[in-house]
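Peer 1: What follows is a predicted protein model with its sequence.
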Amino acid sequence: MLLMKKEGAKGSVVFIHPAGSSGEIWRDDAQYFSRRYNTMTMDLPGRGATGGEGSTDAFEYARFVKGAMDLAGFSTAVAVGSSMGGAVAQALALDYPQAVSGLVLLGTGAKLPCAPIIFETIMTDYAKFLDMAGEMAYGPKAERAVIARHREIAARIRPEVANCDFTACSSFDSRERLNEIKAPTLVMCGEADYMMPAKFSAYLAENIKNSRLVTLPDVGHHLMAEARDEFRSHVTDFLKEIF
């Protein structure tokens, strides 16, 4: 867990990583936003400093995030989640609404369908899966160094944990409960996201009452890495509205 607490902080922000990844993917952003806010990013169960086994349930991951918030002394926070992390953030807002002052949902949806080839490749040829996921997660203009860093972080995750994560994605369904989310919500997506097409983000924005949608042209799935300046700018404006 990377925890940065600031004297006189405006509020707290928790970053939740995508499937087959770790808190490392958020390190730079957590440090960036720590100039004004308390920030935290963590390894979900099954990886990194947390260890143990992964989960096939986004709501179980949300319980872990809530426990980490309690340990950090965060009574409430804006939850920023990418892909599976966005599902976990939704689960956090649904099960612990008092703990969520806002949501930032990136490249995610009320459902996160996963193609069968993802599971087949994870368990039979993990190196091939890493290459495939790296290419699919980014738009046509993404820098190769950004894609390489994504692969490097993902390569540290055990295949069985990645398999759990994508199972958590495929089993997640918040469609009947989106009206329960009261926290202000920023939904962001890339127009060139082939893993979670923009229609999934549009559905969230249409069904979460206090929400707005930002779509970035020529940007893929992991928009926070591919379009970092735009991501940070929109989130900065959103956080100023919350705190």
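Peer 2: Received, thanks.

Peer 1: Was I right to think Pro113 contacts Ser170?
Peer 2: Yes. The pair Pro113 / Ser170 is scored as a contact, 6.4 Å apart, by CB atoms under 8 Å. C-betas here are computed from N, CA, C, even on glycine.

Peer 1: In terms of neighbours, single out the busier of these two.
Peer 2: Ser170 (18 against 11; other CB atoms under 10 Å).

Peer 1: Now that one: closest residue in space, sequence neighbours ignored.
Peer 2: Cys114 (4.4 Å; CB to CB, 6 or more residues apart in numbering).

Peer 1: so which strand or helix has that neighbour?
Peer 2: Under the criterion DSSP states H and E, no helix or strand holds Cys114.

Peer 1: so what strands line up beside the helix or strand of the chain with the lowest mean pLDDT?
Peer 2: Among the helices and strands of the chain, strand 2-4 carries the lowest confidence by mean pLDDT, DSSP states H and E, at a mean of 84. Using DSSP bridges, the strands paired with strand 2-4 are strand 38-41 (antiparallel).

Peer 1: List the contacts of the strand it pairs with.
Peer 2: 1-6, 9, 11-17, 23, 26-27, 29-31, 33, 68-69, 72, 74, 77 (CB atoms under 8 Å, 6 or more residues apart in numbering).

Peer 1: Can you name the element that comes right after it?
Peer 2: Heading C-terminal from strand 38-41 (DSSP H and E), you reach helix 58-72.

Peer 1: what about the strands in the chain?
Peer 2: With DSSP state E, the ranges of strands along the chain come out as 2-4, 12-16, 38-41, 77-82, 100-106, 185-190, 211-216.

Peer 1: residues of stretch 89-108 that come out buried?
Peer 2: By neighbour count on 16 or more other CB atoms under 10 Å, the buried set for stretch 89-108 is 89-94, 96, 99-108.
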